[in-house]
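> After the sequence you'll find the predicted model.
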Amino acid sequence: EKLTISKPSNAYDFGQIINVVNANKDKVACADLLTMTDPKKLPMLLSNKLEGETFLIFIQSLEYYVLGKDPGLVYQHLFYLSKAERFKVVLALLSKNEKEQVHQLFDLLAENQNHQYSSEDLESLRKVYEL
């Protein structure tokens with residue numbers, strides 16, 4: 001059964017949707033959510049609620065369902081995700097395998113590069129994700 005995602009109007013709604021997405025491990029619904037969410041609003045919507053599970057489903061959804069359609073949007077989301085309150089904590093707690101998934105997404109972004117970000121932009125963002 002496909003989750004129907006409606007655009008969240010505030011951090012509370014966003015959090016509720018994320019809880020359902022995580023509970024169902026629904027990467028397609030997560031991709032829908034990220035596609036309709038303005039990347040600039042991500043830090044505000046996540047507020048202090050970013051957790052490893054959410055971070056990973058974001059990474060996987062962006063890789064599997066958004067990258068092929070809009071690499072620029074993936075870059076934007078990664079950029080603003082790195083501004084979220086608990087980003088550094090979550091990053092520090094990732095396992096080796098989870099860090100691999102993040103590296104893989106950056107490699108794919110480099111291959112699918114478009115006019116919305118330069119190689120330099122991507123490399124500097126990659127460094128933020130490498131701690």
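Alright, I've got the coordinates.
> host element of the residue lying closest to Glu63 once chain neighbours are set aside?
Among residues not flanking Glu63 along the chain, Leu105 sits closest, at 4.8 Å (Cβ to Cβ, 6 or more residues apart in numbering). Quick note: C-beta positions are derived from backbone N, CA and C, even for glycine. Assigned by DSSP states H and E, Leu105 falls within helix 96-111.
> now Leu125
Counting by DSSP H and E, Leu125 is part of helix 119-128.
> next one: that helix to chain centre, how far?
Relative to its parent chain, helix 119-128 has a centroid offset of 16 Å by Cα atoms, centre = their mean, to the nearest Å.
> Just the buried positions in it, please.
Buried residues in helix 119-128, counted by 16 or more other Cβ atoms under 10 Å: 122, 125-126.
> swap in stretch 61-69?
Buried residues in stretch 61-69 (16+ other Cβ under 10 Å): 61-63, 65-67.
> Nearest to Asp38 among the buried residues of helix 119-128?
Leu125 (18.1 Å; Cβ to Cβ).
> now the closest one: how far from Leu45?
20 Å (Cβ to Cβ, to the nearest Å).
> Likewise for His103?
26 Å.
> Which one of these two is surrounded by more residues?
Counted by other Cβ atoms under 10 Å, His103 and Leu45 do not tie: Leu45 has more neighbours, with 22 against 12.
> and that one, what helix or strand is that in?
Leu45 belongs to helix 42-46, assigned by DSSP H and E.
> ok, then the element right after that helix?
For helix 42-46, the succeeding helix or strand toward the C-terminus, using DSSP H and E, is helix 52-61.
> which of the residues in that next one are buried?
Buried residues in helix 52-61 (16+ other Cβ under 10 Å): 54-61.
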